[in-house]
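3D, please:
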Amino acid sequence: MSGNVEAPISFSTFVISLASSGLMHLGVREPGAPTRPVDLNLARQTMDLLGILAEKTKGNLDEDEARLLDAVRHDLDARYKDASGKAG
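Take a look at the predicted model:
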């Protein structure tokens with residue numbers, strides 16, 4: 001095991017992890033990184049997971065967590081619609 005100490009996972013890092021997965025399924029990549037295939041089914045599944053998370057945590061999140069979850073869902077939804085339009 002390396003000497004690096006990682007911060008414990010938080011709700012926000014969990015949401016960001018799911019969002020990153022959704023972005024990867026939508027083909028989003030870092031500049032200079034290889035092209036990723038788009039998989040709309042897996043992207044939709046990730047978005048659905050975030051929706052379930054939002055539903056099950058409603059009223060139990062602090063303002064920052066709720067804002068982050070809402071922003072991530074909105075961003076993925078817009079990107080999904082854009083990718084769906086290109087695919088169809």
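
Pull out the buried residues from stretch 37-56.
For stretch 37-56, burial by neighbour count (16 or more other C-beta atoms under 10 Å) applies to V38, L40, A43, R44, T46, M47, L50, L53, A54. (C-beta placed from N, C-alpha, C; glycine too.)

In this protein, which residue is most central in space?
Computing the C-alpha centroid of the chain and ranking residues by C-alpha atoms, centre = their mean puts A19 first, at 1.0 Å.

Would you quantify the distance from H74 to L26?
14 Å (C-beta to C-beta, to the nearest Å).

neighbour count winner among the two?
Using other C-beta atoms under 10 Å as the criterion, H74 and L26 rank with L26 on top: 23 against 10.

Helices of the protein, start to end?
Using DSSP state H, the helices of the chain run over 11-25, 40-57, 63-87.

Tell me which residues of the first one come out buried.
Meaning helix 11-25. Applying 16+ other C-beta under 10 Å to helix 11-25 flags F11, V15, L18, A19, S21, G22, L23, M24, H25 as buried.

Many thanks, have a good one.
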